[in-house]
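In: could you look at this predicted model? Sequence included:
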Amino acid sequence: DESGIGGFEIYLDLNLNREFDAGEPETMTNGAGYYEFTTAMVDIVPGIYVVAEKPKPGWHQTFPGEADLGLHMVEVVSGSVFNDLDFGNYVKGSISGQKFSDPNGDGDISDGVPLEGWTIFLDDNDNGILDDDEESRQTDAGGFYLFSNMDPGDYIIAEVPQNDWVQTLPDVHLDSARREYRETLDSASAIFANFGNAPSIEIHGVKWHDMNVDGVRDPDEPGLANWTVYLDLNFNGELDFNEFNEPVEPTAVTRFDDPSTEDIDETGQYWFTDILPGNYVVGEVLQEGWRQTFPAPPFGTHLVSSDDEAIFDIDFGNVRTARITGVKWNDVDGDGVRQYYDNVPGMPQGDVGLPDWFIFLDLNNNGVWDGDVEPSTQTAADDPATVEDETGRYAFEDLLPGEYVIAEIPQANWVQSIPGAGVNDPHH
């Protein structure tokens, strides 16, 4: 894809002084960059010849290189023909652009204003930061920057971030996962690379142990450290991961207390900084053995919005869950005490468990099961894969702290012997 260049003067340096002297044979490259010296043009006799080009303003020679002194030296003998005594040249180019504000953070800088005093740099070592030996420019009052007199080649053009701003232009590059330009500068060409930034916002909150389950943080309720809070960018109600099990949405982990700040307990604090203005859903990753109390289920998330200011008090409350377990058994002698027998002839094997009985939480304490509005479970049958006998066992998991009435649904031809002395009495 590199074409020939016309209009270059090529000469034979007969006195080997590396410059053109009057009377030395010369010719001009045609539109395709081709030149030749023939016996019809020059009296070429056997000997040593140097073929060189005349310097041309604005052009820089690349071939032959400095090791060859920028020329071709050949020995001509009778019948010699030399092809490919070529010359390569280029014109330097430029890299320039403008730095704008992006008020609504959408990557469109047409509604922004120029930003002065921002550093744009050429990231030669591809590490994403400005190093001491890398070229940089400051944007002027019009937001402009310019790298002039640049050699052709591949360039990475990036900006140095500033506090309270988040970059919106260019897009994140797939090769580096950074917002930067990766461009090839050709001979006599120019690269235009604009940058956009929006004022950033912050989101702050606290994760706390809501011990009384009222959804309000009381002075004696502590913060909870090491919980993950995330921004649900696709509004699907969960933190998303890539194939490497890495989060693809912004996350923050609630803090432990900093012992160096004696008067402040940072436990449970979290924050997101340097995020674009806009609307966000803030959620938490629930941990096993806990229930969320604030924000209230079923969504359990915050919807927040800001154009230019930090957002505070985006808090989450959680409480440890409880577990209720028990066994339903056949009280053979009706004494309310479970007994075990060891292979006594004619006797059942103790007060054995009873499967397939329904146990429920009588939330309104009316003595009957009110259907799906009240939790229920069925007593288990034995699992032959285990050594233990699970027959009659039941469990209620993930319960909020509080008082519960546990009752059974009676079955025909059975009388409840425990708990209580009355018929079908519940546990409290």
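Out: Okay, I see it.
In: centroid-nearest residue for this protein?
Out: Geometric centre of the chain, nearest residue: residue 248, 4.5 Å, by Cα atoms, centre = their mean.
In: what does the pLDDT read for that residue?
Out: pLDDT for residue 248: 93.
In: surely it meets residue 242?
Out: Yes: using Cβ atoms under 8 Å as the test, residue 248 is close enough to residue 242 to be in contact (5.2 Å). Where you see a C-beta, it was placed from the backbone N, CA and C, and this is true even at glycine.
In: next, residue 235: secondary structure please.
Out: Classification of residue 235 by DSSP: H, G, I helix; E, B strand; the rest coil places it in coil.
In: okay, now the residue lying closest to it once chain neighbours are set aside: neighbour count?
Out: By the measure of Cβ to Cβ, 6 or more residues apart in numbering, the closest residue to residue 235 outside its immediate chain neighbours is residue 281, 5.8 Å from it. Around residue 281 there are 17 other residues, counting by other Cβ atoms under 10 Å.
In: CA-only coordinates of the strand or helix carrying residue 281 in CSV, if you can.
Out: Residue 281 belongs to strand 278-284 when assigned by DSSP states H and E. Output of strand 278-284 as CSV, limited to C-alpha atoms (Å, rounded to 0.1, in the frame of the first residue of the first chain):
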residue,chain,number,x,y,z
GLY,A,278,-27.6,9.5,35.6
ASN,A,279,-30.0,6.9,37.1
TYR,A,280,-28.7,3.9,39.0
VAL,A,281,-30.1,0.9,40.8
VAL,A,282,-28.0,0.1,43.9
GLY,A,283,-28.3,-3.5,45.2
GLU,A,284,-26.6,-5.8,47.6
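In: rewinding a little: what about the residue nearest to residue 235, distance to residue 334?
Out: 58 Å (Cβ to Cβ, to the nearest Å).
In: same check, this time on residue 235
Out: In this structure, residue 235 lies at 58 Å from residue 334, with Cβ to Cβ as the measure.
In: before we move on, the earlier item: residues contacting the residue nearest to the centre of the chain?
Out: For residue 248, the set of contacting residues under the criterion of Cβ atoms under 8 Å, 6 or more residues apart in numbering consists of 240, 241, 242.
In: show me where the stretch 51-200 of the chain has its strands.
Out: Secondary structure of the stretch 51-200 of the chain (DSSP state E, counting those that start in this stretch): strands at 59-63, 72-76, 88-91, 93-101, 119-122, 136-138, 144-150, 153-159, 165-169, 181-185, 190-192, 195-199.
In: note down every partner strand of the fifth one and its orientation.
Out: Next to strand 119-122 in the sheet, as set by DSSP bridges, lie strand 136-138 (antiparallel), strand 153-159 (antiparallel).
In: and residue 86, how many neighbours?
Out: By the criterion of other Cβ under 10 Å, residue 86 has 13 neighbours.
In: for residue 270, same thing?
Out: As a burial measure, residue 270 scores 25 neighbours (other Cβ under 10 Å).
In: also the one 5 residues further on?
Out: Each residue near residue 275 was counted by other Cβ under 10 Å, and the total is 18.
In: give me the distance between it and residue 171.
Out: Going from residue 275 to residue 171 by Cβ to Cβ gives 17 Å.
In: among the contacts of residue 248, which ones are in strands?
Out: Helix and strand membership here follows DSSP state E; of the contacts of residue 248, not one is in strands.
In: related to what we said a few turns ago, just checking, what packs against the strand holding residue 281?
Out: strand 201-209, strand 228-231, strand 302-306 (3 or more Cβ pairs under 8 Å, 6 or more residues apart in numbering; DSSP states H and E).
In: so for the shortest one, mean pLDDT?
Out: In this model, strand 228-231 carries a mean pLDDT of 98.
In: ditto for the last one
Out: Computed over strand 302-306, the mean pLDDT rounds to 93.
In: in it, what counts as buried?
Out: Residues of strand 302-306 classed as buried: 302, 304, 306 (neighbour count, 16 or more other Cβ atoms under 10 Å).
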